[in-house]
Each structure stands twice: as C-alpha cells, then as structure tokens.
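The sequence and its predicted three-dimensional model are supplied below.
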Amino acid sequence: MVAVVNHLRVAVGRVFGTAELQYVLAILLGLVIGGGALVAYLEEGRSVPEGIWWAIVTSTSVGYGDVVPASWQGRLLATALMVVGLGFVALFTAAIAARIVDADADKEHERLLRKLDEQRAENEKIKAQLRELSEQIKRL
C-alpha cells in the first residue's frame, strides 16, 4: 500500500511539479472561486457554493443548465468566464499532456543512451580484438 501511495505521489509530482503548471492551476482555481463568489453576489438567491458549481460547469463548457444567470451582469460574467475559463482549462490540460509526453520521452532518451553506452563498450572490445589480430598477423 505504501509503495502504491509513493508511486502515485511521484507521478502527481511529475505532472504538477513545474511552477508554470502550478500558476495555471492557481489562476484556474481563482477564476472558479472568484467567478462563483461574484455570481452569488450578482444573482439574487444564489449561494457561493452554488456559484462555484456554476463556475466549474461554465468554465469547462459542460453547461448543465441547473444554474443560469438571469441578470445582464451575470450573463456578462458568464460570457467572460466561458472565454477565459475555457482557455485556462485547455492550457491546463495541454500542460498536463505535455508533462506526460515529456516523461515518456525522457524514459526513451535514457534507454537510448544506455544502448549507446553498450554499443560503445562493444566497439571497444572489437577494436581490442582487431589490434590483437593485427599484431598476430605482423608476427607471421
């Protein structure tokens, strides 16, 4: 169990380890929480948790329709959150995908370097054998 948790911790650290990705996540969370609080303030009868739910649904373009802004200010906020939120969700998703691809590329690069080292060692053995054969031919 500890090994699984440790492996998961390393994998999550590998994906979310860069400062850039953490900034994107922080901005995305700020948009969701800020947008949710703002819609709760602008729309009568809405709570902050309901506003945060609405902001998540809106920024990911799911749009269930269970919470819909009625005022023009709320709709303007919805429009801004859709455009900006979708951009940051896409950026966040692309950053995660890039980290995963980079991790796979790093593993492949390490494998190729090991193979190259093995090949160099084999080449050195062959050179030594050729030198030995050359010396034997000279003696004949």
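Right, received. Where do you want to start? None of these values were measured; they are calculated from a predicted model.

okay, residue 48: pLDDT?
Looking at residue 48, its pLDDT is 93.

Burial check on residue 42, number of neighbours?
Residue 42: 18 surrounding residues under other Cβ atoms under 10 Å. C-beta here means a position set from N, CA and C on the backbone, and glycine is covered the same way.

Give me the residue at the spatial middle of this protein.
Centroid-nearest residue in the chain, with Cα atoms, centre = their mean: residue 96, separated by 1.3 Å.

mind listing the helices in this protein by residue range?
Secondary structure of the chain (DSSP state H): helices at 2-16, 19-42, 48-59, 72-139.

I'd like those helices written out as CSV, with distance to residue 65 added.
Output for those, formatted as CSV (distance: least, Cβ to Cβ, whole Å):
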stretch, distance to residue 65
helix 2-16, 32
helix 19-42, 14
helix 48-59, 9
helix 72-139, 12
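
any idea which of those is most buried?
helix 48-59 (a mean of 20; mean count of other Cβ atoms under 10 Å).

Now do it: which elements does it pack against?
Judged by 3 or more Cβ pairs under 8 Å, 6 or more residues apart in numbering; DSSP states H and E, helix 48-59 is in contact with helix 19-42, helix 72-139.
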